[in-house]
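>>> Make a model of this:
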Amino acid sequence: MKLITLKEPLLEFGTGTHICPRTGIEHMGVYDTRDELRRTELRIGVVGRGEGVDLLDDWLVKCRSGIERKTKSNLLNLFRGFGGINQDYGFLTRLINSPQYTRTLKKSDVSEIVKLPSREERVDRSVELYYEQVRFLAENRSVDVIVCVVPNEMFDSITSAAQTDKKDTDDDLEHNFRRQLKARCMHLGTPLQLVREKTILITKQSGEQQDPATKAWNFCTALYYKGNKTIPWRLVEDTAKPRTCYIGIGFYRSRDGETISSSLAQVFDEFGHGIILRGTPVSIDKSDRRPYLNEDQAYDLLSEALEEYDRALEHMPARIVVHKSSHFRDGERSGFLRAIDDKGIRSKDFVTITGTDIRLFGDGDYPPKRGTLLTVAENEGILYTRGTIDYYKTYPGSYVPNPLKITVYEQDASLEALCEEILGLTKMNWNNTQMDGRLPITLECASKIGDIMKYVGEREKPQVSYSYYM
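Numbers count the residues shown, from 1 in each chain. Got it, this is the predicted structure:
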């Protein structure tokens, strides 16, 4: 066994590099400022009831001018103030919203939905209510992203089950509306950002989950990525390594809950760009109830992924890394290897990333450092992607962190190098600016895509950008 701590991966911004997304944007600007043709304004459409629209207007004013950091904390790097989103600072982009880009919901429509007896009816009616207004904006206004502000009582009504709905899980109840609305609006070609009125109402209540500055960082970064379709930061490219394509394989159940599942892949290049694919129905193992690909399905899925990569970048990668949240079966490995051989790719690594019951203890009161790697074997290790962070001078989580078990099946790179890549890919989620994501974006994205893809019709072509699913 061997125990080491991996270095925190660097991110690249407009004029330099840093380990922290917030510090990097603040001092060096977003990455795409290197593009002389980049856009410098972001047009925001808004859908919500009158009170919600007013709250969002006030929130956007604060986001433009900046928000002070959490004053009762000495953790300056963790609770960094938000300097504002404007053309002179950080994002170097102007936010534009106006009544012409706004569609207001009628109070009576919201009240009628809240009174419906079944949660399923409330969700369906809510989706249709928002869809009609989103469709108008997407088809008749030149907007880059549409913010849907959800009234508190509507949110409560679509996340609360009647007695007849007890078979639903809490997770299903909370996310069905979001998933269905994003799937319903996908064909319109404009990404959505959903917020609750309660979330954007700044109060001094101590029970809030995030301080206002942190909310602004996450909200504006997500808006920037969705609206501009460009990345605020990227991983620093290692020119000594072969050009790599990272692929995440995930599975999701159909809406009827039957055992047949479908597969999907998220393809990333080293710049953070992604392509989303929908696979075919797959089988379920009778012994462990896990879905898996047969050899032909694995071959077809990876071949299509590589063809999309080639169309996007006009060349094949020199190396493939496949991330999966379950073990690689012999048929899957054979199919993937056949596709790799057909495309003439020289190097590959097949990596399984799962949870583990193994825990390590830190030196003091805090958990082990993020990046702690315990090598168990040449192809197996325990990696802490969440943990104590020196730059924050604390452990920023609320619960004891759970490490990841990393198992490599086809291995050309070292375990340490593969874990360094995983650690870097945990920082490529533009929905969160705190630098301690648990999963690499390959698997994080695959999971979120599956949540929404089940609501996308079989004949409907899903959007290929992650911005429509996050």
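
>>> Report the rounded mean pLDDT for the host helix or strand of residue 58.
According to DSSP states H and E, residue 58 maps onto helix 50-65. Averaging pLDDT along helix 50-65 yields 95.

>>> Which secondary structure elements does it sit against?
Taking 3 or more C-beta pairs under 8 Å, 6 or more residues apart in numbering; DSSP states H and E as contact, the helices and strands that helix 50-65 lies on are strand 41-49, strand 94-96, strand 102-105, strand 145-150, helix 197-200, helix 212-228. Where you see a C-beta, it was placed from the backbone N, CA and C, and this is true even at glycine.

>>> and the helix or strand that the longest one is followed by, what does it pack onto?
It refers to helix 212-228. Counting by DSSP H and E, the element after helix 212-228 in chain order, helix or strand, is strand 234-235. Here strand 234-235 touches strand 11-12, going by 3+ C-beta pairs under 8 Å, 6+ apart.

>>> The strand it packs on - contacts with which helices or strands?
strand 234-235.

>>> Show me how far the strand it packs on is from its chain's centre.
For strand 234-235, the separation from the chain centroid amounts to 15 Å (computed by C-alpha atoms, centre = their mean, to the nearest Å).

>>> Equivalent analysis for stretch 313-329, please.
19 Å.

>>> how about that stretch as PDB, C-alpha atoms only?
Provided in PDB are the C-alpha atoms of stretch 313-329 (Å, rounded to 0.1, in the frame of the first residue of the first chain):
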ATOM      1  CA  LEU A 313     -12.700  18.700 -33.500                       C
ATOM      2  CA  GLU A 314     -11.900  17.300 -37.000                       C
ATOM      3  CA  HIS A 315      -9.500  14.700 -35.700                       C
ATOM      4  CA  MET A 316      -9.500  11.500 -33.600                       C
ATOM      5  CA  PRO A 317      -8.100  11.600 -30.000                       C
ATOM      6  CA  ALA A 318      -4.900   9.800 -29.400                       C
ATOM      7  CA  ARG A 319      -6.300   8.300 -26.100                       C
ATOM      8  CA  ILE A 320      -9.600   7.200 -24.700                       C
ATOM      9  CA  VAL A 321     -10.600   7.200 -21.000                       C
ATOM     10  CA  VAL A 322     -14.000   5.600 -20.200                       C
ATOM     11  CA  HIS A 323     -15.500   6.200 -16.800                       C
ATOM     12  CA  LYS A 324     -18.300   4.000 -15.600                       C
ATOM     13  CA  SER A 325     -20.100   3.700 -12.200                       C
ATOM     14  CA  SER A 326     -20.300  -0.100 -12.400                       C
ATOM     15  CA  HIS A 327     -17.800  -2.800 -13.300                       C
ATOM     16  CA  PHE A 328     -16.800  -3.400 -16.900                       C
ATOM     17  CA  ARG A 329     -18.200  -6.800 -18.100                       C
END
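
>>> hang on, the earlier thing: tell me which residues of the helix holding residue 58 are tucked away?
52-53, 55-56, 59-60, 62-63 (16 or more other C-beta atoms under 10 Å).

>>> And stretch 90-109, by the same measure?
90-93, 95, 97, 101-103, 105.

>>> still on that earlier bit, what's in contact with the helix holding residue 58?
44, 46, 48, 82, 84-86, 95, 97, 102, 104, 107, 147, 149-151, 195, 197, 200-202, 212, 216, 219-220 (C-beta atoms under 8 Å, 6 or more residues apart in numbering).

>>> Including distance to residue 1, could the buried residues of helix 50-65 go into TSV?
Shown next, in TSV, are the buried residues of helix 50-65 (distance: C-beta to C-beta, whole Å):
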residue	distance to residue 1
52	55
53	58
55	54
56	53
59	50
60	52
62	50
63	48
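
>>> Weed out the non-buried ones from the contacts of helix 50-65.
Burial by neighbour count, judged by 16+ other C-beta under 10 Å, picks out 44, 46, 48, 82, 84-86, 95, 97, 102, 147, 149-151, 195, 197, 200, 202, 212, 216, 219-220 from these.

>>> before we move on, the earlier item: and of the helices and strands packed on helix 50-65, who's closest to residue 298?
Checking these against residue 298 by C-beta to C-beta gives helix 212-228 as the closest, at 30.7 Å.

>>> Mind giving me the packing neighbours of that closest one?
Using 3+ C-beta pairs under 8 Å, 6+ apart, helix 212-228 sits against helix 21-28, strand 41-49, helix 50-65, strand 145-150, strand 192-196.

>>> Repeat the analysis, applying 6 Å as the threshold.
strand 145-150 (3 or more C-beta pairs under 6 Å, 6 or more residues apart in numbering; DSSP states H and E).

>>> Direction included, what does the strand it packs on pair up with?
Using DSSP bridges, the strands paired with strand 145-150 are strand 41-49 (parallel), strand 192-196 (parallel).
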